[in-house]
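Asks: Structure, please.
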Amino acid sequence: MAHHRAGSPVLTPLSGEALQQVLDELVPMPEAALLAYIAAAGIDNTISRVHRNDMAETLCRLLPVYSVAADRKSGRRLDPADFEGGIFADGGHTVRFRDQRESITGLAVTRTALKAAVAALKDTRKPTR
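Replies: Below is the predicted model:
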């Protein structure tokens, strides 16, 4: 059983080959949120950072999410509870909290999970003529 500080995210560490496989497959959340937003809403209007923040929040409810170090050499899978009460910022790169918890940065999802989510979002957008 892993122990963690109260108020800090429950992170599942990755190591060795499993870590490298995940790191190679990750898409930064701002890019993932943009692709998902385009799939869901099209590109008929300007896609603001707020739109991407909202889509990042949606993706965090639907997909496994990772926090990756700035050097992209380490990362951890996050638990959905880690986002509770968080405010998505920077186009989905960061989750900030109003309480004493530290921000979570470097959010990313796997390319495989993102492709499935984008396909599902496109299906919901099909024209009804």
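
Asks: okay, CA-based contacts and neighbour counts for the rest of this
Replies: OK.

Asks: Without its sequence neighbours, what residue ends up closest to Ala70?
Replies: Gly106 (6.8 Å; C-alpha to C-alpha, 6 or more residues apart in numbering).

Asks: could you measure the one you found against Ile43, distance?
Replies: 25 Å (C-alpha to C-alpha, to the nearest Å).

Asks: out of these two, which sits in the busier spot?
Replies: Higher neighbour count among Gly106 and Ile43: Gly106, with 19 against 10, using other C-alpha atoms under 10 Å.

Asks: so who does the more buried one touch?
Replies: Pro28, Met29, Tyr66, Ser67, Val68, Ala69, Ala70, His93, Thr94 (C-alpha atoms under 8 Å, 6 or more residues apart in numbering).

Asks: Are any of these buried, and if so which?
Replies: Listed as buried from the contacts of Gly106 are Pro28, Met29, Tyr66, Ser67, Val68, His93, Thr94; burial here means 16 or more other C-alpha atoms under 10 Å.

Asks: Helices along the protein, start to end?
Replies: Using DSSP state H, the helices of the chain run over 16-25, 29-41, 49-62, 111-124.

Asks: Show me what the shortest one is in contact with.
Replies: Right, the one you point to is helix 16-25. Arg72, Lys73, Ser74, Gly75, Thr110, Arg111, Thr112.

Asks: most surrounded residue in the residues you listed?
Replies: So for these (other C-alpha under 10 Å), the most neighbours sit at Gly75, 24 neighbours.

Asks: And it, how far from Lys115?
Replies: 21 Å.

Asks: Next, the buried residues of stretch 23-32.
Replies: Buried residues in stretch 23-32 (16+ other C-alpha under 10 Å): Leu23, Leu26, Val27, Pro28, Met29, Pro30, Glu31, Ala32.

Asks: Nearest to Ala39, out of those: which one, please.
Replies: Using C-alpha to C-alpha, Ala32 comes nearest to Ala39 of these, at 10.6 Å.

Asks: Please name the nearest non-neighbouring residue to that closest one.
Replies: Leu114 (6.8 Å).
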